[in-house]
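Peer 1: From the sequence below, what's the structure:
(chains A and B)
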Amino acid sequence: MTTATPPTGTGPLGKREARLAWGLLFPTIAIVSAVVILPLLAIFWISVKPIGLADLRPPAPVVREALRGSDDNLRIQYRVRNSSQQEAISGVTLTDVLPDGLEVLSSDPRCEISGTRIRCDLGDLDGGAREQIEIFVATDDEDAAEEAAEGSEPAMTGSGNNILTNFQFTGENFARVFDGNEFWTVLWVTMFYTVFGTIGALLFGLFAALLLNKEFKGQGILRGLYLFPYVAPVIAVAFAWIILFDPFSGSANALLVQMGVTSEAINFFGERPLALIMVTVFEIWRYFPLSFLFILARMQSIDTDMYEAADMDGASPFQKFWYLSVPQLLGILSVLFLLRFIWTFNKFDDIFLLTGGNAGTRTLTVNVYEQAFAVSNIGAGAAVAVVIFCCLLAFSFFFFRFISREEGL
Amino acid sequence: MSMLRYGYVAGPLIGALWTFVMAVVACMVMSFATGEGLRPVLIPSLIFGAWLGFVWLPDGGRARSQRIAWSAGLAIFPALAFLLLQPAIVGAESTSTLTLVLAWIVFAVASAWPLEVMLRSLPFGSATRHEFEDAVIRFFTGFGYVFFTAIVAIPFYVMVMTSLKNQAELLQNPLDFSIDVSQGWGLFRSYQELFADFNFGTYLWTSFYVSVITVFLTLLFSVPGAYAVARLRFRGRKAFSRSILLIYMVPMIVLALPIYIAFSVTGLRNTIVGLVLIYPVTTIPVALYMLQGYFRGLPAEVEEAGLMDGLNRLQVIWKITLPLALPALASVSLYVFMIAWNEFLLAFMLLDDPSIFTLTRGIASLNSSEIPRQHLMAGSVIATVPIMILFLGLERFMTKGLTAGSVKG
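Peer 2: Residues are numbered from 1 along each chain as shown, chains lettered A, B, ... in the order given. Got it, this is the predicted structure:
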């Protein structure tokens, strides 16, 4: 007698479902890995290479073709130079098609001519080297020949040492990043900005959510208004802040002077440590709407029965907040804290626009830009990016450990 | 602490704090409206407020008439403060009497009326915990409304008003935001110049179509992906949905550097195509995450019924799931549109050619010392207004969509 046993493993239906799932996911995986995973690998590659902004264009031979002279002296002239001043290019060749109606009188020893095709082998070009090839020709119509000669572009080959793809490595980028006090200053600034920006945005968001967690006329308008900082383009609000807090013609300074708070103008975004505090305040201002939205959504889903029961038991408003609302909100608050912490840590645009990383506001992300573009050392920028990425991995480890318990959001 | 529970202690205390806040508010409102200097004075406004808080306490044991007689005697204190120190609000030398009177009216109304509401249920004598906390909460609620409205409204007010003025006026008195209506259309001079001389019409159009294409591509990729993650069973589902979250935590600046290099090498830098290639990838993870949350919430039975009736999976998605998910699609589209419209970093790094600037890149190019500030602010207004209108019109969708899945900050 056979006993019925449940099937084990994946059946054909299950396999079909999995195939369909991967089919649906494939385009997303493909494009995301092309634009996220590849750059991430590239960052690691670049971070150990001695590469500057100027090295992005690999050395290549550059040619100029012209028809010069006249009558007996008529010649086609190719002037070849190396685009790089330092790097040599090897195996440089030039191929071109001579215009019709030209009769070649004498050629350069480096060139072979077969019919109208010309091919010259220039060998190696040193950094900054220039070469010249002249081919004497005769023609009936000089103008037409000139136009034809200068119209057709000669093809060049030659391989230079491309720093992006060769196997030259250096540890100097990381040495530079961790060198001296600068790194620790940057790290400290990042932590200050992240911790206070996150906590501030959460507290203000909680306060705003408490305000709007009741029905009244104009609640919708106020809610819309309070979301403005988050919805507006960062560049618009950042410049509005800069103009508002300008030391010479800013309204904030004028107001403070009028009110007698200060006797002379304050340079809000230009002084240490005020600038750091100001960018943190900006971060709080810009992102409290987000926490407010999430906290409000959670608040509105709390059962009202509980509050009625608490009312019956004579709980005071503060007690209701502390013993009922806060425990209910703890989940969303902690998830928000983690998410905001990571995103604030990653923030670049805000500080870049407000201070450009000056006056002691350079965070790790701003440092990437600073190293790569201001100092033109792409390798060092990539090294900072690697440091950021490692911090991020550590954070997300915590995040996932936590979120699997807190299956919210 | 228990001292505070007496109406005659808590009332004046709340009154003093509220009145001082209102003195500051009245000064700010009048200064921003007229540009004339006004200053709140701490001690007199506190004394005045304490007195007001005492008078407004409702009857409790003592009749109000009795108390008014009492406080008439006590009125000596505010009067003394007025005479010996200063009134609660004073003007600068140049301030006109009219402005000062108006400020006083604003101040008096804004102090007296809300205070009456706040203290309505606070008895004169010993208050229960309930009554006391209610009064405190009403104070904080009122303060919260004023505070949040002020911090949100002021930067936007400054942005709009600055765009309507000219440089000389602004330098002369940074507080003066009054506009000269008699200029008529001349007020919008900076806007005219932006559209006529700075190509802002093209920027607006570029931003618009880049955002629309981004929304379209994002949905195209994320809908099948989200469906697969939400509904189909396959090995590695959990790992996949986690890696989505992880990817959406990778900071943009880390990716921007290799993308910049890759685009420089391949010649995609400085093209709209490059931008349109990269924007959807930054938004696909967000959209995927939001959509899969929504798909999970849809009843699976409806889809199973469709399968039983002979539709295949793709038909089920097209004919059943998508129509049911329209609200979610709307909110995701809106959100992705907002991200693409506001995007600044990539546009700033990748675009150099003024003829293909997006709006945010165009504003960044206005940030130079040769271009007057009102142009910068007018550009900011042009970028902010469309997204605000779109957002306020569809605010309900937006709020739901944002809180349905997690959100990128």
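Peer 1: do stretch B:254-270 and chain A meet?
Peer 2: Yes: counting by CB under 8 Å from any CB of the partner chain, chain A is contacted by stretch B:254-270 at B:254-255, B:257-259, B:261-262, B:264-265. All C-beta spots, glycine's among them, are computed from the backbone N, C-alpha and C.
Peer 1: Can you give me the buried ones in that stretch?
Peer 2: B:254-263, B:268-269 (16 or more other CB atoms under 10 Å in any protein chain shown).
Peer 1: any chance of the residues of stretch B:254-270 next to chain A in a markdown table, plus pLDDT and secondary structure?
Peer 2: Listed next are those as a markdown table, based on pLDDT from 0 to 100; DSSP: H, G, I helix; E, B strand; the rest coil:
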| residue | pLDDT | secondary structure |
| --- | --- | --- |
| B:Val254 | 84 | helix |
| B:Leu255 | 85 | helix |
| B:Leu257 | 83 | helix |
| B:Pro258 | 85 | helix |
| B:Ile259 | 87 | helix |
| B:Ile261 | 83 | helix |
| B:Ala262 | 84 | helix |
| B:Ser264 | 83 | helix |
| B:Val265 | 80 | helix |
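Peer 1: Let me see the domain layout of chain A.
Peer 2: For chain A, the structural domains run A:59-160, A:172-405, going by automatic domain parsing.
Peer 1: residues contacting whichever residue of the stretch 151-300 of chain A sits closest to chain B?
Peer 2: The minimum distance from the stretch 151-300 of chain A to chain B, using CB to the nearest CB, falls at A:Ala236 (3.5 Å). Residues counted as contacts of A:Ala236 (CB atoms under 8 Å, 6 or more residues apart in numbering or on different chains) are B:159, B:363, B:379-381, B:383-384.
Peer 1: Isn't A:Gly14 up against B:Arg233?
Peer 2: Yes: the pair A:Gly14 / B:Arg233 is scored as a contact, 6.9 Å apart, by CB atoms under 8 Å.
Peer 1: Just want to know which of these two has more residues nearby.
Peer 2: A:Gly14 (15 against 11; other CB atoms under 10 Å in any protein chain shown).
Peer 1: Doesn't A:Asp96 lie inside a strand?
Peer 2: Yes: judged by DSSP: H, G, I helix; E, B strand; the rest coil, A:Asp96 forms part of a strand.
Peer 1: For it, which non-adjacent residue is spatially closest?
Peer 2: Leaving aside its sequence neighbours, A:Asp96 sits nearest to A:Pro154 (CB to CB, 6 or more residues apart in numbering or on different chains; 3.8 Å).
Peer 1: Also B:Ile213?
Peer 2: B:Val276 (5.2 Å).
Peer 1: For the residue nearest to B:Met118 when sequence neighbours are not counted, grab the count of nearby residues.
Peer 2: Using CB to CB, 6+ apart and skipping residues adjacent in sequence, the residue nearest B:Met118 is B:Arg138, 4.4 Å away. When neighbours are counted by other CB under 10 Å, B:Arg138 registers 20.
Peer 1: what helix or strand is B:Arg138 on?
Peer 2: Assigned by DSSP states H and E, B:Arg138 falls within helix B:129-163.
Peer 1: Other residues contacting the helix or strand containing A:Asp143?
Peer 2: A:Asp143 belongs to helix A:142-151 when assigned by DSSP H and E. Counting contacts by CB under 8 Å, 6+ apart, the residues outside helix A:142-151 that touch it are A:65-67, A:70, A:74, A:76, A:98-102, A:137, A:139.
Peer 1: what kind of secondary structure is the residue sitting furthest away from the middle of chain B in?
Peer 2: What lies farthest from the middle of chain B is B:Gly310; by CA atoms, centre = their mean that is 49.6 Å. For B:Gly310, the secondary structure call by three-state DSSP comes out as coil.
Peer 1: Got the phi and psi for it?
Peer 2: Dihedral angles phi and psi of B:Gly310 (degrees, to the nearest 10) take the values phi 100, psi 10.
Peer 1: Please report the distance of it from chain A.
Peer 2: Applying CB to the nearest CB, to the nearest Å, the value for B:Gly310 to chain A is 16 Å.
Peer 1: Tell me how many other residues crowd residue 179.
Peer 2: Picking chain A for this. Neighbours around A:Asp179, by other CB under 10 Å: 10.
Peer 1: wrong chain, I was asking about chain B
Peer 2: By other CB under 10 Å, the residues close to B:Ile179 number 13.
Peer 1: so it makes contact with B:Met161?
Peer 2: Yes: between B:Ile179 and B:Met161 there is a contact at 6.9 Å, judged by CB under 8 Å.
Peer 1: which residues does A:Ala138 contact?
Peer 2: Counting by CB under 8 Å, 6+ apart, A:Ala138 has contacts A:74, A:102-103, A:105.
Peer 1: The helix or strand encompassing it: which residues count as buried?
Peer 2: Per DSSP H and E: A:Ala138 is located in strand A:130-139. Using 16+ other CB under 10 Å as the burial criterion, the residues of strand A:130-139 that qualify are A:131, A:133-137, A:139.
Peer 1: Listing request: residues of the stretch 51-200 of chain B with sub-threshold pLDDT.
Peer 2: By pLDDT under 70, the low-scoring segments of the stretch 51-200 of chain B are B:59-68, B:71, B:73-75, B:77-86.
Peer 1: and with 50 instead?
Peer 2: Low-confidence segments of the stretch 51-200 of chain B (pLDDT under 50): none present.
Peer 1: and it, which residues reach chain A?
Peer 2: B:92, B:129-130, B:133-134, B:137, B:141, B:144-145, B:148-149, B:151-156, B:158-159, B:162, B:170-171, B:173-175, B:177.
Peer 1: sorry, back to before: list the strands paired with the strand holding A:Ala138, with their directions.
Peer 2: Its sheet considered, strand A:130-139 pairs with strand A:75-82 (antiparallel), strand A:102-106 (antiparallel) by DSSP bridges.
Peer 1: Quick one, which of those gets closest to B:Phe391.
Peer 2: Checking the strands paired with strand A:130-139 against B:Phe391 by CB to CB gives strand A:75-82 as the closest, at 54.6 Å.
Peer 1: now that closest one: how far from the chain's centre is it?
Peer 2: In terms of CA atoms, centre = their mean, to the nearest Å, the gap separating the centre of strand A:75-82 from the centre of its chain is 41 Å.
Peer 1: For the residue in the stretch 251-400 of chain A that chain B sits nearest to, the count of nearby residues, please.
Peer 2: Closest to chain B within the stretch 251-400 of chain A is A:Asn346: 3.5 Å, counting by CB to the nearest CB. A:Asn346 has 23 neighbouring residues, counting by other CB under 10 Å.
Peer 1: OK, contacts around it?
Peer 2: A:365, A:388, A:392, B:249-253.
Peer 1: what's the lowest-pLDDT member of those residues?
Peer 2: Ranked by pLDDT, the contacts of A:Asn346 bottom out at B:Met249, which has 79.
Peer 1: Give me the distance between that one and A:Phe348.
Peer 2: Going from B:Met249 to A:Phe348 by CB to CB, to the nearest Å gives 14 Å.
Peer 1: swap in A:Asp108?
Peer 2: Distance from A:Asp108 to A:Phe348, counting by CB to CB: 54 Å.
Peer 1: Which one of the two is surrounded by more residues?
Peer 2: A direct count of neighbours by other CB under 10 Å for A:Asp108 and A:Phe348 places A:Phe348 higher, at 22 against 17.
Peer 1: The more buried one contacts B:Leu257, doesn't it?
Peer 2: No: using CB under 8 Å as the test, A:Phe348 is too far from B:Leu257 to be in contact (11.2 Å).
Peer 1: if I look at the two, which residues touch both of them?
Peer 2: In contact with both A:Phe348 and B:Leu257: A:Val368, using CB under 8 Å, 6+ apart.
Peer 1: which stretches of chain A have low pLDDT?
Peer 2: Ranges of chain A meeting pLDDT under 50: A:407-409.
Peer 1: Quick check: longest helix in it by residues?
Peer 2: For chain A, the longest helix by residue count, based on DSSP state H, is helix A:182-212.
Peer 1: now for that helix, which elements pack on it?
Peer 2: Helices and strands touching helix A:182-212, by 3 or more CB pairs under 8 Å, 6 or more residues apart in numbering or on different chains; DSSP states H and E, are helix A:219-226, helix A:274-300, helix A:326-346, helix A:364-369, helix B:129-163.
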